[in-house]
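Trainee: Have a look; sequence and predicted model below, questions after that.
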Amino acid sequence: MTRFRTAVRQTGKAVGAPFRALRERWRRWSWWRRSLLVLALVVAVPVTALGSVFVSIRLHYTGEPAPEARTRGRDAVWLGHAWVDGRKTEADVEALARQLSGTGIRDLYVHTGPLEHDGSLPPAVHPRARWFTDTVHRALPGVRLQGWLGDEVKPEKDAMDLEDAPTRDRVTASARQVLDQGFDGVHFDMEPIRPGSAGWLALLDRVRPVTAARGAKLSVAAPQIDPVPGLHTAGILLTDHGKWWDRAYFTETARRVDQIAVMTYDTSMPTEPLYGGYVAQQTELALRSTPADVDLLIGLPFYWDDKWGHWGDAETVDAAVRGVRLGLGREDPHRAAFGVALYVDFAATPENWAAYRRGWVDVR
């Protein structure tokens, strides 16, 4: 027994020798040298963690898209306010019909607001709404028109308060007003809604019976989903900006609507492979979070910008479409209730449309 204890002590000393040597060296270092090492470690840990996230995102862009990952004829495009305020003509509708011919676009989200901060919708902001719905229904039978209503919301913005019941009642009345103009649905884009907002869910519960009673659709534009669990919380704490939703809140929203479109742009991704990988990851997360009977659409950037939140050379339609196809092929290649949504018509270029067609519509 004595020999055993002696052997244990000797082994302990041998194992601890390197650590004692490091401790002695640490004690001999100056205060400045120790501080620099601690600072380097503090910086290295989050940088390493961030690097691993970027590697994971980039890996989502690898592989070949599945052949069946292509349009299901359930795509959409956001249209600007000019279509309902008098700036567009019959000739513009004819050009739009030619533009959409042979694509997979079924829904047009037409900017019919904006809503007032109290939730009301002044008729004066969409004087040609009825002309538009009548004209497009004749020119594009089978295409659904959804009135796009939106506003900024509290607490991040000093604007609409969705936690206020009378405000939600006025938004509901605005939805009825849009349907009275001949629209086939209502499309909400309220930003930035923070996950956990009970008022947002209550609004959807209030409006859904209204649209259902008219045989109309209720759709929403939704933020991106946390690429890393808990990122939405960290983002709000560090920047006071709600950019992401957690998966649970995304699902709570999705199950209250007929269609949900993820705004998969303005991602800050600096390269095409990183952006495409991010879109692939978002597609997979959204597929896991959306009920099978709800139309899920992934947003594509049909516009150019070059700033911190949106690098134009990175956020391309080609990269986005390939990312969508990779994510769909890996997660649920046979899902019928799926499409892409193009943002936005007035900023789109011919190359944007060509990339959408060759990458998503005319796939061989």
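Mentor: Noted; the coordinates are in hand. Residues are numbered from 1 along each chain as shown.
Trainee: Go through the host helix or strand of V207 and flag the buried ones.
Mentor: According to DSSP states H and E, V207 maps onto helix 198-213. Neighbour counts using 16 or more other Cβ atoms under 10 Å place G199, W200, L201, L203, L204, V207, R208, V210, T211 of helix 198-213 among the buried residues. For glycine as for every other residue, the C-beta is placed from the backbone atoms N, C-alpha and C.
Trainee: just stretch 53-71 next, same as before
Mentor: Of the residues in stretch 53-71, I57, R58, H60, Y61, P65, A69, R70, T71 count as buried by neighbour count, 16+ other Cβ under 10 Å.
Trainee: Also stretch 179-196?
Mentor: Buried, per 16+ other Cβ under 10 Å, within stretch 179-196: 179, 181-195.
Trainee: need the buried residues of stretch 53-71 in CSV with distance to R138, can you?
Mentor: Formatted as CSV, the buried residues of stretch 53-71 follow (distance: Cβ to Cβ, whole Å):
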residue, distance to R138
I57, 45
R58, 48
H60, 43
Y61, 43
P65, 37
A69, 34
R70, 29
T71, 24
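Trainee: Take these and keep only those in helices.
Mentor: Among these, the members falling in helices (DSSP state H) are I57, R58.
Trainee: so R322 sits in a helix?
Mentor: Yes. With DSSP: H, G, I helix; E, B strand; the rest coil as the criterion, R322 is located in a helix.
Trainee: How many residues are close by it?
Mentor: Look at R322: counted by other Cβ atoms under 10 Å, it has 24 neighbours.
Trainee: just D161 next, same as before
Mentor: 17.
Trainee: How about it, nearest residue that isn't a chain neighbour?
Mentor: K154 (4.8 Å; Cβ to Cβ, 6 or more residues apart in numbering).
Trainee: correct me, but the one you found touches E163?
Mentor: Yes. Between K154 and E163 there is a contact under Cβ atoms under 8 Å: 7.5 Å.
Trainee: show me what contacts T251?
Mentor: Neighbour list for T251: S289, T290, P291 [criterion: Cβ atoms under 8 Å, 6 or more residues apart in numbering].
Trainee: Narrow these to those in helices?
Mentor: Using DSSP H, S289 are the members of the contacts of T251 that sit in helices.
Trainee: quick one, strands of the chain?
Mentor: For the chain, the strands defined by DSSP state E cover 75-79, 105-111, 144-152, 185-191, 217-222, 224-225, 244-245, 259-262, 295-301, 306-307, 310-311, 338-343.
Trainee: Could I get those in a markdown table, plus columns for distance to L285 and mean pLDDT?
Mentor: Listed next are the strands of the chain as a markdown table, based on distance: least, Cβ to Cβ, whole Å; pLDDT from 0 to 100:
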| stretch | distance to L285 | mean pLDDT |
| --- | --- | --- |
| strand 75-79 | 20 | 98 |
| strand 105-111 | 22 | 98 |
| strand 144-152 | 23 | 98 |
| strand 185-191 | 19 | 98 |
| strand 217-222 | 11 | 98 |
| strand 224-225 | 4 | 97 |
| strand 244-245 | 10 | 94 |
| strand 259-262 | 9 | 98 |
| strand 295-301 | 11 | 98 |
| strand 306-307 | 25 | 92 |
| strand 310-311 | 20 | 96 |
| strand 338-343 | 14 | 98 |
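Trainee: Good, we can wrap up now.
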